[in-house]
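> here are the coordinates; sequence isn't available:
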């Protein structure tokens, strides 16, 4: 009995810590003078528009964003034609750390459309949208680490205009799925093989769309909003069968009508809740019942709603963005060097794979006082411990086999390595 008490206490502590962790929506606060990276706390309802202007001139793409939960980096697109770029923002402080043009041959209307981050490969998938007399779409992949850009589809997937921010990685992240107004396309990310199926809308004869697709990794299911236009415009949460094109309507009553934000949607796989935005209000919908659980009215500035657009869901950060010092939106080498660890710094883990115990070794740091944090591949914080030695051994308190991320955090330094846990 004396030996079991510490273990039971530790498990109880971890359980309370995980479920007490606040979640938030991270996105862009759009105002007339520019964009600001902002957060909405889903527990307190506190909305924190950032003070640092990210972009003041170039046109940004509505709904085109994705999130790297391993490194805490938020990506969105801005600009058109040859000026098109992907902007990388450090989600810990709301500061821009990189901006990269990846439009091949200057021909892409946007660098990538329908961005989706692959949590296991660490790359971004999307649609290369070109216009050479006729619009064409091809599946493409971009690696933010080495700037490698690869077109995966030899022939155009579709010549039909796509719906903005309407893509997802499905079936264990092995297939890329997106929807046009009438068709669902599913593309194998390894072979580029494409399947398409017509969407079976329930109300023929009226304008209908399937929008704001989001993948639920725990259920291996695809969810979205079914919009029915006309005089009695209505919006319903639905589950989508990408193979048959069937829509299973979940909501028994309408969740709204015109005025929803294209691409602004997220899923909390732990709470089984779906989030979307309509006319300056963020709504939380229960996936089982399709009913609205909570809502947050976003504040106004000079009588105009300050919307939170292009949002994703992530664990609550320690400090609000409004406490960050405002800087010029123009990047400098000093800005990038402050946010990204030097190339000499490294974190090594062994053995890897492991059953639980893992040795760590830090190199290239002036001092090592900091924190080790363990995340799953969806960015959920599982465990933390403080360290003050450059090397040591820790026991990873996970019950299931799989890939995880062990991160060393120290001031502005952040080093991450994947670790595979194999339970016997």
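On my side now, so go ahead. Just so we're clear, the structure is a prediction, and the values are computed from it rather than from any experiment.

> The most centrally placed residue in the chain pairs with what?
Geometric centre of the chain, nearest residue: residue 67, 3.1 Å, by C-alpha atoms, centre = their mean. Using DSSP bridges, the bridge partners assigned to residue 67 are residue 74.

> list the contacts for it?
Counting by C-beta atoms under 8 Å, 6 or more residues apart in numbering, residue 67 touches 26, 73-75, 91, 117, 312, 314, 379. Where you see a C-beta, it was placed from the backbone N, CA and C, and this is true even at glycine.

> And the strands in the stretch 1-150 of the chain?
When assigned using DSSP state E, counting those that start in this stretch, the strands of the stretch 1-150 of the chain occupy the ranges 23-31, 34-41, 47-48, 53-55, 60-68, 73-78, 85-90, 95-100, 108-118, 123-131, 135-143, 148-151.

> Could I get these in CSV, plus columns for mean pLDDT?
Below are the strands of the stretch 1-150 of the chain laid out as CSV (pLDDT from 0 to 100):
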stretch, mean pLDDT
strand 23-31, 85
strand 34-41, 86
strand 47-48, 84
strand 53-55, 71
strand 60-68, 78
strand 73-78, 86
strand 85-90, 86
strand 95-100, 83
strand 108-118, 74
strand 123-131, 82
strand 135-143, 83
strand 148-151, 84
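
> looking at those, which is closest to residue 230?
strand 60-68 (23.4 Å; C-beta to C-beta).

> What sits closest to residue 233 if chain neighbours are left out?
residue 257 (3.6 Å; C-beta to C-beta, 6 or more residues apart in numbering).

> and that neighbour, what does it touch?
232-235.

> ok, those residues vs residue 22, which is closest?
For the contacts of residue 257, the nearest to residue 22 is residue 235 (27.3 Å; C-beta to C-beta).

> Let me have the strands of the stretch 1-150 of the chain in TSV, adding distance to residue 396 as columns.
TSV is the format used below for these (distance: least, C-beta to C-beta, whole Å):
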stretch	distance to residue 396
strand 23-31	23
strand 34-41	29
strand 47-48	32
strand 53-55	36
strand 60-68	21
strand 73-78	23
strand 85-90	26
strand 95-100	28
strand 108-118	23
strand 123-131	25
strand 135-143	27
strand 148-151	31
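
> Can you give me the domain assignment for the protein?
Using automatic domain parsing, the domain parsing of the chain gives 21-323, 341-421.

> Looking at those domains, which one is packed in the most?
domain 21-323 (a mean of 18; mean count of other C-beta atoms under 10 Å).

> ends of stretch 42-52, how far apart?
22 Å (C-alpha to C-alpha, to the nearest Å).
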